[in-house]
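In: My questions are about this predicted structure, shown below with the sequence.
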Amino acid sequence: MAAAQPIRVVIADDHAVVLEGVRTLLEKDESIRVVGVASDGEEAVRTCLAERPDVILLDVSMPGLSGLDAAARIKEESPTSVLILSMHDEPEYVVRAVRAGADGYVLKDADPLDLRRAVHIVARGGSFFPKEAVDRLQEGVRLEAERDRRSRALDELTDREREVLVRIARGRTNREIAAELEISPRTVETHRERVMSKTGVHTVAGLTRLVLDAGLDRDP
């Protein structure tokens, strides 16, 4: 009976010490063989297409083409499984990795056994997203949905409501806004209530963040 072929892996990371460390960890498993390394995204894509590995490990932050952009290109052009190896645990990174087609996401401070297990799982066509990555993914999706909802709410504001919102974010009082817009303080209060109702944001700090995130503070 023929011996099983080793899992062929390419590692991409722009930090040589990290790259060699990961290589050493993986090669402690006799069923894993590192067939190539890369120090940036473009080189990662080229090496992957040349070597056709079973799995490529990609760092997120690399010069030039990022690991996530490299992942998307690799998934388009080859059957190689992509495993993101990152120091970033923020929700947005996990969401972007999934959208790029990554088959797994492992943090750089993960247990070495988890890293090797992840390689085996994605090499078999599975996915590897540990609980913390799933939690970040769910949080990222929730935050995106909330941003989309608030963006749609901003589109529903009238021009006057938008003017009031921007001035609230600039720290103006109702009386000051009324004087600037030549309307009554009571009318300002009505617009304020409508803005809060439409956006679902009920604090000045929250409205300020909303204005800054949307770039409305550039309005005159």
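Out: Structure received.
In: make it CA atoms for all contacts and neighbour counts henceforth
Out: Fine.
In: how is the protein carved up into domains?
Out: The record's domain parsing of the chain by automatic domain parsing lists 7-137, 157-218.
In: Kindly compare burial across those domains and name the winner.
Out: The highest average neighbour count among those, using mean count of other Cα atoms under 10 Å, belongs to domain 7-137 at a mean of 19.
In: Give me the distance from it to the chain's centre.
Out: Offset of domain 7-137 from its chain centre (Cα atoms, centre = their mean, to the nearest Å): 15 Å.
In: residue ranges of the strands in the protein, please?
Out: Applying DSSP state E to the chain gives strands spanning 7-12, 32-38, 55-58, 81-86, 104-107.
In: Lowest average pLDDT across the ones you listed?
Out: Among these, strand 104-107 carries the lowest mean pLDDT, a mean of 88.
In: so how far is the first residue of stretch 20-36 from its last?
Out: With Cα to Cα, to the nearest Å as the measure, stretch 20-36 spans 12 Å from end to end.
In: which residues touch it?
Out: 5-11, 47, 51, 53, 112, 115-116 (Cα atoms under 8 Å, 6 or more residues apart in numbering).
In: Show me which of these is closest to R194.
Out: Comparing the contacts of stretch 20-36 against R194 with Cα to Cα places L115 closest, at 51.1 Å.
In: now that closest one, nearest residue through space, not along the chain?
Out: Nearest in space to L115, with sequence neighbours left out and distances taken as Cα to Cα, 6 or more residues apart in numbering, is V106 at 6.9 Å.
In: who's the one you found bridged to?
Out: Beta-bridge partners for V106, by DSSP bridges, are L85.
In: Hmm, it is touching S127, no?
Out: No: V106 lies out of contact with S127 (Cα atoms under 8 Å); the separation is 11.1 Å.
In: Any chance of the contacts of stretch 20-36 in TSV with distance to A205 as columns?
Out: Shown next, in TSV, are the contacts of stretch 20-36 (distance: Cα to Cα, whole Å):
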residue	distance to A205
Q5	58
P6	56
I7	52
R8	52
V9	48
V10	47
I11	44
T47	48
E51	53
P53	50
P112	43
L115	42
R116	45
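In: Show me the shaky parts of this protein.
Out: 1-3, 130-131, 133-138, 140-151, 217-220 (pLDDT under 70).
In: where along it do the helices fall?
Out: Listed in chain order, the helices of the chain (DSSP state H) span 16-27, 41-51, 67-77, 91-99, 112-123, 131-156, 159-169, 174-181, 185-199, 204-214.
In: Would you convert those into CSV that also reports distance to L85?
Out: Output for the helices of the chain, formatted as CSV (distance: least, Cα to Cα, whole Å):
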stretch, distance to L85
helix 16-27, 10
helix 41-51, 13
helix 67-77, 9
helix 91-99, 10
helix 112-123, 9
helix 131-156, 12
helix 159-169, 39
helix 174-181, 50
helix 185-199, 37
helix 204-214, 29
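In: wait, which of these is closest to D59?
Out: Proximity to D59 (Cα to Cα) singles out helix 67-77 among the helices of the chain, at 5.4 Å.
In: Please put the alpha-carbon coordinates of the closest one into CSV.
Out: Extracted in CSV, the C-alpha atoms of helix 67-77 (Å, rounded to 0.1, in the frame of the first residue of the first chain):
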residue,chain,number,x,y,z
GLY,A,67,-2.7,38.8,2.0
LEU,A,68,-6.4,39.2,1.6
ASP,A,69,-6.1,40.5,-2.0
ALA,A,70,-3.7,37.6,-2.7
ALA,A,71,-6.2,35.2,-1.3
ALA,A,72,-8.9,36.4,-3.6
ARG,A,73,-6.6,36.0,-6.7
ILE,A,74,-5.4,32.6,-5.6
LYS,A,75,-9.0,31.3,-5.1
GLU,A,76,-9.9,32.6,-8.6
GLU,A,77,-6.9,30.9,-10.3
